[in-house]
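Peer 1: take a look and give me a structure for this.
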Amino acid sequence: MRADPLRIAVLVSGEGTTMAALAQAITRGTLPARIVLVAADRPHIHALDRARELGLPTQVFSPREGPTGAWQQKLVDALVKERTELVVLAGFLRVLDRPFFEQFTGRIVNTHPSLLPKFGGVGMYGPRVHAAVLASGDRVTGATVHLVTPDVDRGPILAQEEHPIVPGESAEALSERQKPLEHRLLIEVVRRFSTGELSLPYLVRGPSV
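Peer 2: Just a heads-up that it's a prediction; the model follows:
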């Protein structure tokens, strides 16, 4: 058992509901972790407002500022400064590049709103995933928490759970109905890292899932 809470950084791009769910679990005492930074790729998003209301430190790293790719190195430097142990992508819409994997290989997790490897890959996120799921005619969908690797949405699966699709529901309705499942799975994975049930860094053996 760890003596100190797991130091996590949460990367956000939108509403921040997943980040808030993590913070609330920490406040309840059910997740032995500490959010050391909420990092956004753009200003004026709801996630930053939520984080500030929760008393969490925030910072913006805009890809529009500076040379191409410089923002990721600045973000890496900030996370290193905060002694980040685990990076959580919570609705983060940027694809991570070399600086990140050089520093945090085996220490980055992401939630995805489908049963990976189905409906994953570059450009598949949020409503696009749910729309594709509904268009496929599948009767079940679900959520996945996986380790982030350079192959988008192809890292080892750490947790996954399915649930039925309601006939006639919209992509928006499916998204809202599924959020509690995504939050629960992510909190459980972070808890397992925080207690040592999952090792940090998480060692990938053999090809990615």
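Peer 1: L54: neighbour count?
Peer 2: 18 (other Cβ atoms under 10 Å). The way it works is simple: take the backbone N, C-alpha and C, and place the C-beta from them, glycine included.
Peer 1: now do the contacts for the closest residue to it other than its chain neighbours.
Peer 2: Closest residue in space to L54, ignoring its immediate chain neighbours: A23 at 4.9 Å, by Cβ to Cβ, 6 or more residues apart in numbering. The contact partners of A23, taken as Cβ atoms under 8 Å, 6 or more residues apart in numbering, are I35, A51, L54, L56.
Peer 1: do D153 as well
Peer 2: Contacts of D153 by Cβ under 8 Å, 6+ apart are N110, H112, L116, P117, G120, G121, M124, H146.
Peer 1: picking that back up, any idea how far the residue nearest to L54 is from I187?
Peer 2: According to Cβ to Cβ, to the nearest Å, A23 and I187 sit 10 Å apart.
Peer 1: with P43 instead?
Peer 2: From P43 to I187 the distance is 27 Å (Cβ to Cβ).
Peer 1: then stretch 41-61 to CSV, C-alphas only?
Peer 2: Provided in CSV are the C-alpha atoms of stretch 41-61 (Å, rounded to 0.1, in the frame of the first residue of the first chain):
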residue,chain,number,x,y,z
ASP,A,41,-5.6,22.6,-24.7
ARG,A,42,-7.7,25.8,-25.0
PRO,A,43,-9.0,28.5,-22.7
HIS,A,44,-12.6,29.4,-21.8
ILE,A,45,-13.9,25.8,-21.6
HIS,A,46,-16.3,24.6,-19.0
ALA,A,47,-13.8,22.1,-17.6
LEU,A,48,-11.6,24.9,-16.4
ASP,A,49,-14.5,26.5,-14.6
ARG,A,50,-15.4,23.2,-13.0
ALA,A,51,-11.8,22.7,-11.9
ARG,A,52,-11.5,26.2,-10.4
GLU,A,53,-14.8,25.7,-8.5
LEU,A,54,-13.3,22.5,-7.1
GLY,A,55,-10.2,24.4,-6.0
LEU,A,56,-7.9,22.5,-8.4
PRO,A,57,-4.8,24.1,-10.1
THR,A,58,-5.3,24.8,-13.8
GLN,A,59,-3.2,25.7,-16.7
VAL,A,60,-3.8,26.2,-20.5
PHE,A,61,-1.4,24.8,-23.1
